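J.: Next input, structure requested:
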Amino acid sequence: MDLHHLDDEHRPTYTTGQAADILGVEQPFLRSLDNAGVLSPERSRGGHRRYSRHQLGQAGRLRELFDEGHNLAAAHRILDLERELARAYREIGELRGQLSRARDGRSSAGAAEHPGEQTRDDEPEHRRQTVVDEHGEPRLVDREQAGEEQRQRFGE
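T.: Take a look at the predicted model:
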């Protein structure tokens, strides 16, 4: 018996009736989200909607937004922005982890092994900045150089 799918929050498990009961909403509410293209459950072989736990969470959040007075378009946009923000936070966390690992590696290797990254006596530390290059590798550069590289990289 294969039980690994029980942990998959994206597995389409719940019928419309089950989903409505779990959320405390009417079935037409869920069908209206599908018809509007806001929440698209998978279909069974017989054509019946099947919702995942993830989709139940989205539908519940949409219900909360409706209850707060938002219309469908606004609620959908808020949900999209919340997802985008969550992705950004994850990416920031990953980048901070990379930066931390790079700093740990640099400090354990010793400054003598990386003379190009040392801060010179005539160049105060506050004028230096760590940037992540196009390969995801952090490096220490002059703040003005970092600003110019970012402008070139992002077309500003």
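
J.: all helices of the protein, in order?
T.: Ranges of helices within the chain are 16-23, 27-35, 53-67, 72-109, 143-154, based on DSSP state H.

J.: would CSV of those with mean pLDDT, mean neighbour count and distance to residue 42 be doable?
T.: The C-beta positions use only the backbone N, C-alpha and C, and glycine is treated the same way. Listed next are those as CSV, based on pLDDT from 0 to 100; neighbours: other Cβ atoms under 10 Å; distance: least, Cβ to Cβ, whole Å:
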stretch, mean pLDDT, mean neighbour count, distance to residue 42
helix 16-23, 97, 16, 12
helix 27-35, 96, 16, 11
helix 53-67, 96, 17, 9
helix 72-109, 91, 12, 19
helix 143-154, 61, 12, 38
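
J.: So for residue 44, which of the ones you listed sits nearest?
T.: Distances from residue 44 to each of the helices of the chain were compared by Cβ to Cβ, and the smallest falls on helix 16-23, at 10.7 Å.

J.: Adding distance to residue 44 as columns, could you present the helices of the chain in a markdown table?
T.: Below are these laid out as a markdown table (distance: least, Cβ to Cβ, whole Å):
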| stretch | distance to residue 44 |
| --- | --- |
| helix 16-23 | 11 |
| helix 27-35 | 14 |
| helix 53-67 | 14 |
| helix 72-109 | 25 |
| helix 143-154 | 46 |
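
J.: Quick check: which of these is nearest to residue 8?
T.: Proximity of the helices of the chain to residue 8 was assessed by Cβ to Cβ; the nearest stretch is helix 53-67, lying at 8.4 Å.

J.: got the domain boundaries for this protein?
T.: Residue ranges of the domains in the chain are recorded as 8-109, 117-156, according to automatic domain parsing.
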